[in-house]
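> only geometry, no sequence info:
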DNA sequence: TTAGAATTAAAACGAACGTTTAATCGAATA
DNA sequence: TATTCGATTAAACGTTCGTTTTAATTCTAA
C-alpha cells in the first residue's frame, strides 16, 4: 500500500531531520513512490505530518485512558495511588516503544521533538490531541493527592510531561553529557523505570512555601 | 552596530519560528540591514545561529560554574547540599530571564527549543557548550549524594536538564493543557521556584529496586 | 586631501522547495 | 470488450531559499 509506505518513510525522516528539514522528495524517494503521491493521498506536507502523528498517538492516548479507567475500577472505592496513575501513562508508551510494527522508539522520538516544535499547526494539533487525556489524568491525580492545590498539580503535571517527552525524544547531545552509553539510553524500559520513581517523588513532595520573602536560598537576584 | 542588530533580530526570529523556518531575508529585514550582511559578518546562517547561542550561553554557564564554586567554598569542608547546587544552576538562568538586555525569556525559549532540534550542528554545538558545566555539577552532586550510584545520578541529571529546558522553552501547547494562564506560565521566577522543589524531591529519592523481575507494578508487558 | 580598506547596497545566481497539471496505467464494472 | 475511475507517473509550475557577485558608498589613516 502506497499510503502506508509513505507514512513509514515520513515517520523515520521527520524523526531524524525534523519537519522543516525533511523534503517531500526525500520522503517519496525513501518510500519508493512518486513525488506527487503525498499530495494525492494526504493533500499537503502538513497534513502528512499530522497523519504520521495521529496514526500512533490516537490509539496510545486512548489506551492510556482505558488503562487508567480499568485500574481505577479495580481500586474502587479507594482512590488509585499516584504510582499506579503514572504507570497508566507510562505503560502504553512503553508498549509502543517496544513494538517496531507501530513505529517503536522512532515514533516516540518524533513525538518528543514535536513538543518543542514552534510551528503553530503542530502546537495546535498536539494541544487538541492531548487535551482529553491530560484532563482525565489530572482528575485522577487530584483524587490521589487531595491536599495538593489544583494549581500546584497543574505545574507538576507540566513538569512530568516535559521530562517524559524530553526523555523519550532521546537527544544524543545530552546522552553524551550524562555519560550514558547508547545501549543504555536506547533501552526505553530501563529509562522509564528510572524516570517514573524520579517523577513520583517530585509529584508527592510537600508543597513549597512561596509566601512573600520566604523563598529558600535567596541569593540577591532582583 | 550592524552585527548586534542582526543578532537581536535573529534571536527573536529563531525563537519564534525555529532555525529552518527562519529565512535570511526575514532576519535582515527585521534588523534593517542588507541581505548580504549576515554572510559578510558571520559567514553563514549556521554560524549566525551558533553566534546567537554563544553570546548568551557562554556567560551564563560560566556564571553557573563560578556560583557553584563560590557556594562550595562557603560550605567547605561540608559538602554543598543538593538544593544549593540546584540553585547554582537555576539562579543564573533566572537572572538571564529577568534581563531583557541579555535576551530575557526569548533566549531561554530559544535554548529550550535548540535542545530538541535534530540538526547535527546544533546537537554538536550544545554538547560542547555544556560538557564542562555538566561535569562540574555532576561532581558536586556526587559529593552531596555519596550513596547514589554514579549511573543513577547520570540519569537524574538527564531528567533535570530535560525538565528544565522543556519548562524554559515554554511551549504554548502544554500551557493550555495544564490550564495555566499566560501570566502564570510567563512568570519565570514563579516557575523555577516550583520546578526546583519538584526536581529536588526526585533527585533525593531513594534508589529504585530494579533487580530482575522485581520491578514495581509490572503489568504483563513482555 | 586622498588612497585604500571596510561596509553596504542591489541584483542575480543556481538549487531546492511544495505543489499542480496532464497523460497514462490497471483493474473492476457493465 | 468497452468504459470508468481511482492510482500512478513524468514533467513543469512559480516561489523561495542561502549565497555570491559587482558596484557604490562610507570610514579611516596617512
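Here it is on my side, so go on. Note that the coordinates shown come from a computational prediction; the quantities given were computed from them, not determined experimentally.
> poorly predicted segments of chain A, please.
Chain A contains residues with pLDDT under 70 at A:170-191, A:209-222.
> 50 instead, please
A:173, A:176, A:211-222 (pLDDT under 50).
> residue nearest the centroid of it?
residue A:165 (4.1 Å; C-alpha atoms, centre = their mean).
> is chain B within reach of stretch A:13-27?
Yes - residues of stretch A:13-27 contacting chain B under C-beta under 8 Å from any C-beta of the partner chain: A:15, A:16, A:17, A:18, A:20, A:21. The way it works is simple: take the backbone N, C-alpha and C, and place the C-beta from them, glycine included.
> filter those residues down to just the ones in helices.
If you go by DSSP state H, the residues of stretch A:13-27 next to chain B have A:15, A:16, A:17 in helices.
> closest one of the residues you listed to residue A:208?
Ranked by distance to residue A:208 (C-beta to C-beta), those are led by residue A:15 at 37.1 Å.
> can you pull the contacts of the closest residue to the closest one other than its chain neighbours?
The shortest distance from residue A:15 to any non-neighbouring residue, by C-beta to C-beta, 6 or more residues apart in numbering or on different chains, is to residue A:110 (4.0 Å). By C-beta atoms under 8 Å, 6 or more residues apart in numbering or on different chains, the residues touching residue A:110 are A:11, A:14, A:15, A:52, A:53, A:103.
> most neighbours, which of those?
Top of the contacts of residue A:110 by neighbour number is residue A:52, holding 28 neighbours under the definition other C-beta atoms under 10 Å in any protein chain shown.
> wait, it touches residue A:9, no?
No - contact criterion C-beta atoms under 8 Å: residue A:52 and residue A:9 do not qualify, at 9.8 Å.
> stretch A:55-71: which residues count as buried?
A:55, A:56, A:57, A:60, A:61, A:63, A:64, A:65, A:67, A:68, A:71 (16 or more other C-beta atoms under 10 Å in any protein chain shown).
> and the helix or strand hosting the residue nearest to the centre of chain A, what other elements does it pack with?
Following DSSP states H and E, one finds residue A:165 within helix A:150-169. The contact analysis (3 or more C-beta pairs under 8 Å, 6 or more residues apart in numbering or on different chains; DSSP states H and E) places helix A:150-169 against helix A:82-98, helix A:104-116, helix A:120-144, helix A:188-203, helix B:104-116, helix B:150-169, helix B:172-177, helix B:188-203.
> for it, what is the distance to the chain centroid?
10 Å (C-alpha atoms, centre = their mean, to the nearest Å).
> buried residues of it, list them for me.
A:152-169.
> then stretch A:81-101?
A:81-97.
> whether that stretch contacts chain B - can you check?
Yes - under the criterion of C-beta under 8 Å from any C-beta, chain B is reached by stretch A:81-101 at A:83, A:84, A:87, A:91, A:94, A:95, A:98.
> contact partners of that stretch?
So stretch A:81-101 is contacted by A:56, A:60-61, A:63-64, A:67-68, A:71, A:75, A:102-105, A:107-108, A:137, A:140-141, A:144-145, A:160, A:164, A:168, A:188-189, A:192, A:195-196, A:199-200, A:203-204, B:216-217, B:219, B:221-222 (C-beta under 8 Å, 6+ apart).
> any idea how far it is from the chain center?
11 Å.
> also stretch A:149-166?
Computed by C-alpha atoms, centre = their mean, the chain-centroid distance of stretch A:149-166 equals 12 Å.
> can you list the residues that contact that stretch?
A:86, A:89-90, A:93, A:111-112, A:115, A:134, A:137-138, A:141-142, A:145, A:148, A:195, A:198-199, A:202-203, A:207, B:115-116, B:159, B:162-163, B:165-167, B:174-175, B:177-180, B:184, B:191, B:194-195, B:198-199.
> what angle do the helix or strand hosting residue A:66 and helix A:82-98 make?
Using DSSP H and E, residue A:66 sits within helix A:45-75. Here helix A:45-75 points in a direction 140 degrees away from that of helix A:82-98 (axes from the mean of the first three to the mean of the last three C-alpha atoms, to 10 degrees).
> correct me if wrong: residue A:27 contacts residue A:12.
No - counting by C-beta under 8 Å, residue A:27 stays clear of residue A:12, with 9.3 Å between them.
> more neighbours: which of those two?
Each of residue A:27 and residue A:12 has its neighbours counted (other C-beta under 10 Å); residue A:27 has more, 25 against 19.
> can you pull the contacts of the more buried one?
Residue A:27 neighbours (C-beta under 8 Å, 6+ apart): A:6, A:9, A:10, A:13, A:38, A:48.
> identify the residue nearest the residue of chain A found nearest DNA strand D in space, chain neighbours excluded?
Closest to DNA strand D within chain A is residue A:34: 3.1 Å, counting by C-beta to the nearest atom of the strand. Residue nearest to residue A:34 in three dimensions, not counting chain neighbours: residue A:28, with 6.4 Å by C-beta to C-beta, 6+ apart.
> and for the one you found, the neighbour number?
By other C-beta under 10 Å, neighbour count at residue A:28 equals 21.
> what do you get for residue A:26?
Count around residue A:26 with other C-beta under 10 Å applied: 15.
> from the residues of stretch A:13-27 next to chain B, which is closest to residue A:130?
Using C-beta to C-beta, the residues of stretch A:13-27 next to chain B come closest to residue A:130 at residue A:15, 19.1 Å.
> surely that closest one touches residue A:109?
Yes - counting by C-beta under 8 Å, residue A:15 touches residue A:109, with 5.2 Å between them.
> how far out from the middle of the chain is stretch A:40-50?
Relative to the mean C-alpha coordinate of its chain, stretch A:40-50 is positioned 22 Å out (C-alpha atoms, centre = their mean).
> can you give me the end-to-end distance of that stretch?
Chord length of stretch A:40-50, first to last residue, is 15 Å (C-alpha to C-alpha, to the nearest Å).
> got the residues of chain A near DNA strand D?
A:2, A:33, A:34, A:35, A:36, A:37, A:40, A:41 (C-beta under 7 Å from any atom of the strand).
> can I get the buried part of those residues as one PyMOL selection?
Buried subset of the residues of chain A next to DNA strand D, written as a PyMOL selection, criterion 16+ other C-beta under 10 Å:
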select buried, chain A and resi 33+37+41
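> now secondary structure too, for the residues of chain A next to DNA strand D, in JSON lines please.
Output for the residues of chain A next to DNA strand D, formatted as JSON lines (DSSP: H, G, I helix; E, B strand; the rest coil):
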{"residue": "A:2", "secondary structure": "helix"}
{"residue": "A:33", "secondary structure": "coil"}
{"residue": "A:34", "secondary structure": "coil"}
{"residue": "A:35", "secondary structure": "coil"}
{"residue": "A:36", "secondary structure": "coil"}
{"residue": "A:37", "secondary structure": "helix"}
{"residue": "A:40", "secondary structure": "helix"}
{"residue": "A:41", "secondary structure": "helix"}
